[in-house]
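[1] Next input, structure requested:
(one chain, ligands or ions: 2)
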Amino acid sequence: MAGLPRDRGRRPASAVVTEPAAAVGDAGSGVPPGPAPLLDVSELQVTFRGRGGTVHAVQGISFSVEPGQTLAIIGESGSGKTVSARAVLGLLPSSAQVSGSIRFKGVQLVGRSEQELRAYRGRDVAMVFQHPERSLNPTMRVGTQITEAIRTHLPVDRTQAHERAVELLRMVRVPAPERRFYEYPHQLSGGMRQRVVIAIALACGPEVLIADEATTALDVTTQAQIMDLLLDLQGQTGTALVMISHDLALAASYAEQVIVMYAGRIVERAAARDLFGNVRMPYTRALLGAIPRGETDPHVLFPVIGGRPPDLATVVPGCSFAPRCPDAQQDCAQQAPPLEEQELGHWYACWHPCGKEVQ
Ligand SMILES: Nc1ncnc2c1ncn2[C@@H]1O[C@H](COP(=O)(O)OP(=O)(O)O)[C@@H](O)[C@H]1O
Ligand SMILES: [Mg+2]
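    Residues are numbered from 1 along each chain as shown. Ligands and ions are numbered 1, 2, ... in the order given. All right, here's what the predicted structure looks like:
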C-alpha cells in the first residue's frame, strides 16, 4: 500500500460533486434555484480530431467546487486529468473540441472567445503545472514575472506591484524575498521555483487554484512542503483548490473529496475519508498499489496495473477498464456501468465492486 492518508484535521465534507440533473437552478428539474457553485463543470467532453481518428480524451465528466474546498482529481497517466483542467482554463489547442458546460459563478465559459477567457484566466481561476521550469521564463527575473502577472489584471503601478510581489514571495515562504526578487529561475532550486510559480498563480487572488501534478517533479520532502504550503495558503485566502495527481494516497491525504478518472471518465468519487478502506472500483484499488518508478524517472508511473490504458480513439461497448480488471466478468465487456451513487456520498461505475462480491 502506498501509505495511509494523514489526518489533517479536515473541515467537513467539501467539494460538492454534482450530477448534471441536480445542477443548481436547472429549469424544469424541480430543484429550486440557489446560488451558483463557484465552479461547475457539467458533462464536459473533449475530443481531438487527428489523422489517427478522433481521440475521446474527456467523455462527460461533472463536478463542482465551492470556495475554500479541496478536490482531488486522480488517475493514471492519460486518464484525462490535464485535458479537463486545461478545458476549465480555456487552454486547449485549437484541435480540441469542447462540449458540455463549464460555469464560473454561473457564467458559461464554453464557447467564449480567447480575449474573454484571458480576462478570467489567472484572475478567477489559476493553474500551477508540473514542471516549474517550463512555467517560468529563464531570461527574466522571478520578481518581474510576478509583477507582470499582477499588472495583467490589477490596476497597480510599478511600486505597488513590486511590493505585492515581495509580499507574495514571502507568502510562499521564499527566504529573503527582497533579494530573491532580482534572481533568475536557474538560481533557485526546483522547490523554490515551484514556490515562485505558485506566487504567480496567486498574484491576482484567484478564487480557484488548479494544481496539476504540482509536486510530482519534486523530491518527497519538498513535495510535502509544497503541499502544506498550498493548504496553508488556501486556509488564508479561501481559494478553492483542485489538485490533480496520479498519486491517490497523496491526494487523499490533502483533499476532502476525491474523483478518480479512467479513460476520460469519472469512475469513482467519495469523500477522502470514506474512500480509504472502502474502495469499490478495482481500478482505484490498483492505483493505491501503484508505485512511482523512482530512480529512473519520477514523473513516470510504473504500470503496476497490468495491461495498457485503452485507445481513446476506439469506443468500446463495455467498461473501459474491463480488459485490465482482475475482477471482470462477462457482463463487464458488454455494457458500460453507469456512475451512480451506490452508497451515501459514494459514487462508482462498476458491475462487480470490491467488497460487494456476491458469495
Ligand atoms: N493535443 C492533443 N491532441 C491529441 N490528443 C491529446 C492531446 N492532448 C492530450 N491528448 C490525449 O488525451 C488523453 C488525456 O490526456 P491528459 O489529460 O494529458 O492525461 P493525464 O493528465 O490524465 O495524464 C491522452 O490520451 C492524450 O494522449
Ligand atoms: Mg496530466
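[2] Every contact and neighbour count from this point should use C-alpha atoms.
    OK.
[3] Low-confidence regions, the stretch 1-150 of the chain specifically.
    Across the stretch 1-150 of the chain, the ranges flagged by pLDDT under 70 are 1-34.
[4] ok, Val166 to ligand 1 distance?
    Val166 sits 32 Å away from ligand 1, taking Cα to the nearest ligand atom, to the nearest Å as the criterion.
[5] Kindly report the same for Val316.
    Counting by Cα to the nearest ligand atom, the gap from Val316 to ligand 1 is 15 Å.
[6] okay, now that residue: neighbour count?
    Using other Cα atoms under 10 Å, Val316 has 14 other residues around it.
[7] any idea how far the nearest residue to Leu169 once chain neighbours are set aside is from Gly205?
    Nearest residue to Leu169 in three dimensions, chain neighbours excluded: Pro177, at 5.5 Å (Cα to Cα, 6 or more residues apart in numbering). Going from Pro177 to Gly205 by Cα to Cα, to the nearest Å gives 19 Å.
[8] Just the strands from this structure, written as ranges.
    Under the criterion DSSP state E, strands of the chain are mapped to 39-50, 53-65, 70-74, 96-104, 107-108, 125-128, 208-212, 240-245, 257-262, 265-271, 340-343, 346-348.
[9] quick one: which of these is nearest Met192?
    Closest of the strands of the chain to Met192 is strand 125-128, at 13.6 Å (criterion: Cα to Cα).
[10] Please, where are all the helices along the stretch 1-150 of the chain?
    In the stretch 1-150 of the chain, the helices defined using DSSP state H, counting those that start in this stretch lie at 81-89, 114-120, 132-135, 142-153.
[11] Can you give the distance of stretch 214-221 from its chain's centre?
    Stretch 214-221 has its C-alpha centroid displaced from the chain centroid by 16 Å (Cα atoms, centre = their mean, to the nearest Å).
[12] Likewise for stretch 105-117?
    A distance of 19 Å separates the centroid of the chain from that of stretch 105-117, by Cα atoms, centre = their mean.
[13] Close to ligand 1: what parts of this protein are there?
    Neighbours of ligand 1 within the chain, by Cα under 6 Å from any ligand atom: Phe48, Val55, Ala57, Ser77, Gly78, Ser79, Gly80, Lys81, Thr82, Val83.
[14] residues contacting the fifth one?
    Looking back up the chat, that one is Gly78. Ala263, Pro309 (Cα atoms under 8 Å, 6 or more residues apart in numbering).
[15] How much space separates it from Tyr262?
    Distance from Gly78 to Tyr262, counting by Cα to Cα: 8 Å.
[16] Looks like Val172 contacts Leu229 (just checking).
    Yes: between Val172 and Leu229 there is a contact under Cα atoms under 8 Å: 6.8 Å.
[17] Tell me, how many residues neighbour Thr314?
    Neighbour count of Thr314, defined by other Cα under 10 Å: 11.
[18] quick one: it from ligand 1, how far?
    Distance of Thr314 to ligand 1, computed by Cα to the nearest ligand atom: 11 Å.
[19] which residues sit against stretch 161-179?
    Applying Cα under 8 Å, 6+ apart, the set of residues contacting stretch 161-179 is 143, 146-147, 150-151, 180-181, 192, 195-196, 198-199, 202-203, 229, 233.
[20] Which two of those have the greatest separation?
    The largest separation in the contacts of stretch 161-179, counting by Cα to Cα, is between Arg151 and Leu229 at 24.3 Å.
[21] ok, back up a step: using a markdown table, lay out the residues of the chain next to ligand 1 together with distance to Lys105.
    Listed next are these as a markdown table, based on distance: Cα to Cα, whole Å:
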| residue | distance to Lys105 |
| --- | --- |
| Phe48 | 28 |
| Val55 | 30 |
| Ala57 | 26 |
| Ser77 | 30 |
| Gly78 | 29 |
| Ser79 | 27 |
| Gly80 | 24 |
| Lys81 | 22 |
| Thr82 | 22 |
| Val83 | 21 |
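[22] Of the residues you listed, which is the most crowded?
    When neighbours are counted by other Cα under 10 Å, Lys81 leads the residues of the chain next to ligand 1 with 28 neighbours.
[23] Isn't that residue up against Ala72?
    No: the criterion here is Cα under 8 Å, and Lys81 misses it with Ala72 at 10.2 Å.
[24] shared neighbours of these two, anything?
    Taking Cα under 8 Å, 6+ apart as the criterion, Lys81 and Ala72 both touch Ile244.
[25] and Ile74, how far is that from Thr239?
    Applying Cα to Cα to Ile74 and Thr239 gives a distance of 20 Å.
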